[in-house]
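Visitor: What shape does this take:
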Amino acid sequence: MATHSKRMKLDEVSSLHNFLQWCDGVGLELNHNKVYVSSEGTVADYGMLAKEDVKEGEVLFTIPRSVLLHQGTSKVSERLEQGKELLESSSGWVPLLLALLYEYTCPESTWAPYLSLWTDFSSLDQPLFWSTEERLSLLRGTGIPKAVERDLANIEREYSTVVLPFISKHADLWNPSTHTLQLYTRLVAFVMAYSFQEPLEEEEDGDDDDEEEEEKAPNLPMMVPMADMLNHVSNHNANLEYTPECLKMVCVRPIRKGQEVFNTYGQMANWQLLHMYGFTEPYPSNCNDTADIPLANLYTAATQGIQSDHDRQLVEEKRALILEMMGEKATIIFGKQGCLTDMELHTTLK
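Guide: All right, here's what the predicted structure looks like:
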């Protein structure tokens, strides 16, 4: 997250003006009496500031569901629905990304004024776009370098095995020379940093009769114009609410005139914020920050200095037992109030 506000360039002013006009035209209602959008006086890029004091419970803006951008609202929705069996992937994001590939490169797109706010995605600064040397030297010990390696491998595999064959069969809508792996990667980062997932509806008592029923999969991500312009802090002052007709950004605690309106991206540690969004909250602002210790690190420490084959065999047996009980990705997590994974810690130490 940038620490200094940047002067708005003429093209930024024009893009923002066009976007706000578009919002008026599609029924996205901004509370002009209380808030406004700007890239001056905000912590990073665009943001929202209070024009007057805002009381708890006041609605800052309302977004009709027809304005949301996802595979069901895109112009290519029918084609995506017809090919949905071919678009299955581990991420589940392919249909949304194909919709974005089309809408981002289509001058006549309904969402063109919205997507034009990101002319080339050069503002995206996740470690995904850092050099390998930068990631290894600056992020050592965070787990982010390995996470990014997995991300890049998954993106390339997903593009080559799912996306490219599909768009090659539908040359009337997509073009491999335009909708490249590079653009696809940037759109993955865009979805990672700016998309929203609607919370699952809580079931009423008695609805879940089958205790063994599998847990519901989370809702797929979607792009939410205006809401994605708000920056994040853990101690946020606004929250996005979902209704069947629309989405509303609601003030959850008083905001003084001139203060920035902050949403929350969730309860996320700084390493998660840096990995997904490209910024961290300065210490000690992030009340959700954690120190994560993968069990693999404990194994590495335990094997250092082993002198005999007997001792090594003993460590290997204990490691195998722990992996069987807790899995390869098990992690011991410490928060500000202590250990957040007591069972894993107790099992490992025992």
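Visitor: how far out from the middle of the chain is stretch 80-92?
Guide: Relative to the chain's own centre, stretch 80-92 is displaced by 20 Å; criterion: CA atoms, centre = their mean, to the nearest Å.
Visitor: what about it, how long is it end to end?
Guide: Using CA to CA, to the nearest Å, one end of stretch 80-92 lies 13 Å from the other.
Visitor: Quick one: mean pLDDT for it?
Guide: Here stretch 80-92 scores 93 as its mean pLDDT.
Visitor: do the same with stretch 325-337
Guide: Per-region confidence: stretch 325-337 scores 83 on mean pLDDT.
Visitor: Start and end of that stretch, how far apart?
Guide: End-to-end distance for stretch 325-337, by CA to CA: 26 Å.
Visitor: Buried residues, that stretch. List them.
Guide: Buried residues in stretch 325-337, counted by 16 or more other CB atoms under 10 Å: 326, 330-332, 335. C-beta here means a position set from N, CA and C on the backbone, and glycine is covered the same way.
Visitor: just the CA coordinates of stretch 269-285, formatted as PDB?
Guide: The C-alpha atoms that make up stretch 269-285 are tabulated as PDB, following Å, rounded to 0.1, in the frame of the first residue of the first chain:
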ATOM      1  CA  ALA A 269      -2.300 -11.500   8.400                       C
ATOM      2  CA  ASN A 270       0.200  -9.200   6.800                       C
ATOM      3  CA  TRP A 271       1.800 -12.100   4.800                       C
ATOM      4  CA  GLN A 272      -1.600 -12.800   3.300                       C
ATOM      5  CA  LEU A 273      -2.200  -9.100   2.500                       C
ATOM      6  CA  LEU A 274       1.100  -8.900   0.800                       C
ATOM      7  CA  HIS A 275       0.700 -12.100  -1.200                       C
ATOM      8  CA  MET A 276      -2.800 -11.300  -2.500                       C
ATOM      9  CA  TYR A 277      -2.900  -7.500  -2.500                       C
ATOM     10  CA  GLY A 278       0.700  -6.200  -2.500                       C
ATOM     11  CA  PHE A 279       0.600  -4.300   0.700                       C
ATOM     12  CA  THR A 280       0.800  -4.700   4.500                       C
ATOM     13  CA  GLU A 281      -0.500  -2.800   7.400                       C
ATOM     14  CA  PRO A 282       2.300  -1.200   9.500                       C
ATOM     15  CA  TYR A 283       2.900  -2.600  12.900                       C
ATOM     16  CA  PRO A 284       1.000  -2.800  15.200                       C
ATOM     17  CA  SER A 285      -2.100  -1.700  13.200                       C
END
